[in-house]
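A.B. asks: Structural data only, the sequence is not supplied:
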Ligand SMILES: NC(=O)c1ccc[n+]([C@@H]2O[C@H](COP(=O)([O-])OP(=O)(O)OC[C@H]3O[C@@H](n4cnc5c(N)ncnc54)[C@H](O)[C@@H]3O)[C@@H](O)[C@H]2O)c1
Ligand SMILES: [Zn+2]
């Protein structure tokens, strides 16, 4: 088993990573929780696949378990789902000293995390991420959120889990499209922070990818740790994790979140922001070609779709990460080295 500690003073916690870790889930939870009652929040896809097993393991370990099932998909990051969760928690008699387990992808993690942060003014929760994207990204760092009809992730807070439990075995049931999506974020980490990791991914025999999940997740969590510890609230260096995301978010929004998944949109964003900085002379020659090659290898598109550029530009200017009329762009100088560049937004 691999362990990473996220050092955030009184909000510190461990990430435990292991193939098959769920078999001993009870022991792992006991590391941080002395109580009896647990509310598992999961989505209907994961419920079908894992709830029976999870329920048996947890009850055998002496826990009293309730399972709250939400619909899978982004639409569940809503006020309605949140209210549904609050009511279920209250109905099951969950109190402030009990525990929530967020068992699922980024959707479950974000909405269950926000529910944990606010139900009874905050109760403890553990993240058990089940998608590759959630294992390398969304379960770490304490960002929780729901969406509004005006945009994504507009309501939320920073609320760190007590523990993150990652069983890479569960990726065997994740659909190929979602693996591809997660790999876009994996490639992002390599681009901004680790040229050797980039080389490793570039040379990897794709058919052996599953046997490397544990190492890949470990590598990415370690990179994210560095940025989260240095900048928990995402106002400085943590923004480097947004490489490719300004363009990526705008593509997702332009197509009403229907045509491009997050990972795919970020892939296009990484290539195109790099192409721009390379053309301006900032980025080492050939870097964007290296990015397009690796994206192609992992089944990701890299070319900008055809769009009305005025409309697209307006969406970019309205990005919620802009501060003081400045657009914070993440450029890479070369593979493994990122920097934050402020650009004034001209009205
Ligand atoms: N909080 C953060 O820091 C952060 C960071 C990045 C993304 N996010 C959020 O994460 C969300 C996307 O996460 P996602 O890509 O995991 O989406 P998701 O939670 O919708 O999961 C994708 C699909 O895979 C299914 N699934 C998940 N794990 C599975 C498994 N092991 N086996 C079979 N099916 C499985 C789910 O039921 C769902 O249908 C977005 O809402 C995004 O805003 C949050
Ligand atoms: Zn992302």
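C.D. replies: Happy to help now that I have it. The structure presented is a predicted model; accordingly, all values stated were derived computationally and were not measured. Residues are numbered from 1 along each chain as shown. Ligands and ions are numbered 1, 2, ... in the order given.

A.B. asks: does any part of stretch 32-44 sit near ligand 1?
C.D. replies: Yes: shown here: stretch 32-44 in contact with ligand 1 (Cβ under 6 Å from any ligand atom) through residue 43. Every residue, glycine included, has its C-beta placed from N, CA and C.

A.B. asks: now that stretch: mean pLDDT?
C.D. replies: Across stretch 32-44, the average pLDDT comes to 98.

A.B. asks: so how far is that stretch off the chain centroid?
C.D. replies: Remark: stretch 32-44 is offset 21 Å from the chain centroid, using Cα atoms, centre = their mean, to the nearest Å.

A.B. asks: and what of stretch 259-275?
C.D. replies: How far stretch 259-275 lies from its chain's middle: 16 Å, per Cα atoms, centre = their mean.

A.B. asks: pLDDT of it, averaged?
C.D. replies: 97.

A.B. asks: Would you mark the buried spots in that stretch?
C.D. replies: 260-275 (16 or more other Cβ atoms under 10 Å).

A.B. asks: Over to stretch 188-199?
C.D. replies: By 16+ other Cβ under 10 Å, the buried positions in stretch 188-199 come out as 188-194, 197-198.

A.B. asks: ok, those residues vs residue 212, which is closest?
C.D. replies: Using Cβ to Cβ, the shortest approach to residue 212 within those belongs to residue 197, at 11.3 Å.

A.B. asks: Name the nearest residue to that closest one, ignoring sequence neighbours.
C.D. replies: Nearest non-adjacent residue to residue 197, counting by Cβ to Cβ, 6 or more residues apart in numbering: residue 190, 4.3 Å away.

A.B. asks: On the pLDDT front, check that neighbour for me.
C.D. replies: Reported pLDDT at residue 190 in the predicted model: 98.

A.B. asks: what's it in contact with, if anything?
C.D. replies: Residue 190 makes contacts with 197-198, 200-201, 335-336, as judged by Cβ atoms under 8 Å, 6 or more residues apart in numbering.

A.B. asks: let's see it at 7 Å
C.D. replies: Residue 190 makes contact with 197-198, 201, according to Cβ atoms under 7 Å, 6 or more residues apart in numbering.

A.B. asks: Check residue 264 too.
C.D. replies: Counted by Cβ under 7 Å, 6+ apart, residue 264 has contacts 181, 184, 300-301.

A.B. asks: Name the helix or strand for it, please.
C.D. replies: helix 262-279 (DSSP states H and E).

A.B. asks: Same check on residue 146?
C.D. replies: Judged by DSSP H and E, residue 146 forms part of strand 143-148.

A.B. asks: ok so residue 306 is a helix residue?
C.D. replies: No: according to DSSP: H, G, I helix; E, B strand; the rest coil, the state of residue 306 is coil, so it is not within a helix.

A.B. asks: quick one: it from ligand 1, how far?
C.D. replies: Residue 306 sits 25 Å away from ligand 1, going by Cβ to the nearest ligand atom, to the nearest Å.

A.B. asks: how much space between that residue and residue 251?
C.D. replies: For residue 306, the distance to residue 251 (Cβ to Cβ, to the nearest Å) stands at 11 Å.

A.B. asks: now do residue 285
C.D. replies: In terms of Cβ to Cβ, residue 285 sits 26 Å off from residue 251.

A.B. asks: So for these two, which sits in the more crowded spot?
C.D. replies: Applying other Cβ atoms under 10 Å to residue 285 and residue 251 shows that residue 251 carries more neighbours, namely 25 against 9.

A.B. asks: Now for that one: which residues touch it?
C.D. replies: So residue 251 contacts 260, 265, 268-269, 305 (Cβ under 7 Å, 6+ apart).

A.B. asks: farthest pair in the buried residues of stretch 259-275?
C.D. replies: Across those (Cβ to Cβ), the longest gap, 21.2 Å, separates 261 and 275.

A.B. asks: neighbours around residue 80, how many?
C.D. replies: For residue 80, using other Cβ under 10 Å, the count is 11.

A.B. asks: For it, what is the enclosing helix or strand?
C.D. replies: Counting by DSSP H and E, residue 80 is part of helix 79-91.

A.B. asks: Sounds good, over and out.
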